[in-house]
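In: I'd like to go over a predicted model; first the sequence, then the structure.
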Amino acid sequence: MQYRHTQRSPLGWLLLAFGIIPGATLFGLWNTLPPPSMSIVIATILGTAAALFMVLAASFWSLTVEDDGEALRVRYGPLPLFGTRVPYATITSVARGRSAFIDGWGIHYIPGRGWTYNLWGRECVVLTRGGRMLRIGTDDGDGLAAFLQTKLQSPDGQVL
């Protein structure tokens, strides 16, 4: 059984807007003020902010969760800078869940709650790996949980 699901969200549009605002401000200042009046510091700050938010927008446009044979691969995209790989052999339990407000969107580690990879919404699948928890946000909680249940193994190597 294979699994691949991509969730899209408005978060990419929001980050893109935050990139356009400093970029447009930089462009406006550059074209209205004479170059000696344009502080290099302001130009650097606005240009860096615009570039950073554009990269983040391209990175957090979607969240893809897929089977890659021996592990579950979770990656943001289409610019795949962020993600993780979870070997199936390390997963001890799988449950549907809902992330709390404190878990937020994006990639977060909260002591006592573990890692969260979430793009939008509160629906998630909670993986337990030994004593550690990992939340994977999805809009296909039933499908992801059912797929992961087929990958859980007992100590003697049998699928549970």
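Out: Arrived safely.

In: pLDDT on the lengthiest helix in the chain, on average?
Out: The longest helix of the chain (DSSP state H) is helix 11-32. For helix 11-32, mean pLDDT is 75.

In: Give the buried residues for the following helix or strand past that helix.
Out: Following helix 11-32 in sequence order, the next helix or strand is helix 40-59 (DSSP states H and E). Residues 46, 49, 50, 53, 54, 56, 57, 58, 59 are the ones in helix 40-59 that count as buried (16 or more other Cβ atoms under 10 Å). All C-beta spots, glycine's among them, are computed from the backbone N, C-alpha and C.

In: Quick one: distance of whichever helix or strand comes after helix 40-59 to the chain centre.
Out: Scanning forward in sequence from helix 40-59 by DSSP H and E, the next helix or strand is strand 62-67. Computed by Cα atoms, centre = their mean, to the nearest Å, the chain-centroid distance of strand 62-67 equals 9 Å.

In: Give me the buried positions along the longest helix of the chain.
Out: 11, 12, 15, 16, 18, 19, 22, 23, 26.

In: between the buried residues of helix 40-59, which is nearest residue 140?
Out: Closest approach to residue 140 among these (Cβ to Cβ): residue 59, at 21.0 Å.
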